[in-house]
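A.B. asks: turn this into a structure:
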Amino acid sequence: MIPKFLKKTCTHVLLLFSFHFTFSQPEIKTINTFYASGEVYEAYQANAQDSVKNGTYKRFTKTGKITTIGEYKDGMRNSIWTFLIYDSPRDTAKLYEKYDFTNKKEIFYHRATHDSLPHFPGGYEEMSHFIRDLTLAMKLSLDTIKAYDGKKLLISFKVRPNGKLDDVGIKSSQNEVKSKYLIDFYTEVLKRCPDWIPAETPSVKSMFYTIPINFRGK
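C.D. replies: Okay, the predicted model is just below:
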């Protein structure tokens, strides 16, 4: 039999743990970004403290139609993402790709909308968004951001026919950057990148791609 004072002590311990876990959840805010002409471009949930994406994400055309919808978890794309296209501003949405980022698996894509080359799930623009999101989530050092304030860096990499990435390099708009920290950082970013969708044609060889990143120290 457990003494009464021990029962009381155990009860207090459980209450303390319950209190702790209740308040450990991050505060979430909704963020909108806009086209230069004022229309909503993105609407997503993010951590209030550091703005890392964490929740539902949507992207829109200038006429307010959804082109992309998915989920983030701690800055990483999570679960199934859906990508839509429109033949005209008045047209209804057409599904052109659906990708499971959790299991890194292609569910569907309309091959008529792609050529025979390897491609990132959702297209080239989605790759740029993916790298930008991971740069924020992995917390690139503030000193590095300030050092390259106002400059454009070019991330170059090779995509093999099977969709694997390698040969990562970093260049500035004028000359090659020698920063080992930056090269190591973005090599790690690309390691977390899902494989590209393989080329349809077996004869396609490895191809090099370049993605620009604009640094702003403010």
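A.B. asks: residue ranges for the strands of this protein, please.
C.D. replies: With DSSP state E, the ranges of strands along the chain come out as 28-34, 40-47, 53-60, 66-73, 76-85, 94-100, 105-109, 152-159, 165-172, 207-214.
A.B. asks: buried ones in the longest one?
C.D. replies: Within strand 76-85, the residues scored as buried using 16 or more other CB atoms under 10 Å are 76, 77, 78, 80, 81, 82, 83, 84, 85. Any C-beta I mention is one placed from the backbone N, CA and C, and that applies to glycine too.
A.B. asks: closest to residue 142 out of those residues?
C.D. replies: When the buried residues of strand 76-85 are compared for distance to residue 142, the smallest value, 21.5 Å, is given by residue 76; criterion: CB to CB.
A.B. asks: for residue 140, the count of nearby residues, please.
C.D. replies: Taking other CB atoms under 10 Å as the criterion, the count of residues near residue 140 is 19.
A.B. asks: correct me, but it touches residue 185?
C.D. replies: Yes - counting by CB atoms under 8 Å, residue 140 does reach residue 185; the two are 6.1 Å apart.
A.B. asks: and which of the buried residues of strand 76-85 is nearest residue 144?
C.D. replies: Minimum distance to residue 144 across those is 21.2 Å, recorded for residue 76 (CB to CB).
A.B. asks: and the pLDDT at the residue positioned nearest the centre of the chain?
C.D. replies: The centroid of the chain falls nearest to residue 130 when counting by CA atoms, centre = their mean (3.2 Å). Residue-level confidence at residue 130 comes out at 89, pLDDT.
A.B. asks: same check on the one 5 residues further on?
C.D. replies: Per-residue confidence at residue 135 stands at 86 (pLDDT).
A.B. asks: again, but for the one 4 residues further on
C.D. replies: For residue 139, the pLDDT comes out at 87.
A.B. asks: what of residue 59?
C.D. replies: In this prediction, residue 59 carries a pLDDT score of 94.
A.B. asks: what's the answer for residue 16, then?
C.D. replies: On the pLDDT scale, residue 16 is placed at 40.
A.B. asks: heads up, I number from 14, so please use that
C.D. replies: I'll keep to 14 as the first residue from here, and by that count the last item is residue 29.
A.B. asks: just checking, residue 76 touches residue 101?
C.D. replies: No - because the distance of 10.1 Å does not satisfy CB under 8 Å, residue 76 is recorded as not touching residue 101.
A.B. asks: picking that back up, from residue 138, how far out is the closest residue to the residue nearest to the centre of the chain other than its chain neighbours?
C.D. replies: Across the structure, with CB to CB, 6 or more residues apart in numbering as the measure, the residue nearest residue 143 apart from its sequence neighbours is residue 206 (6.4 Å). Residue 206 sits at a distance of 14 Å from residue 138 (criterion: CB to CB, to the nearest Å).
A.B. asks: quick one, which of these two is more surrounded?
C.D. replies: More crowded of residue 206 and residue 138, by other CB under 10 Å: residue 206, with 16 against 13.
A.B. asks: correct me if wrong: residue 224 contacts residue 144.
C.D. replies: Yes - under the criterion of CB under 8 Å, residue 224 lies in contact with residue 144, with a separation of 6.1 Å.
A.B. asks: just give me the neighbour total for the closest residue to residue 41 other than its chain neighbours.
C.D. replies: Spatial nearest neighbour of residue 41, chain neighbours left out: residue 58 (5.2 Å); criterion: CB to CB, 6+ apart. Neighbour count of residue 58, defined by other CB under 10 Å: 16.
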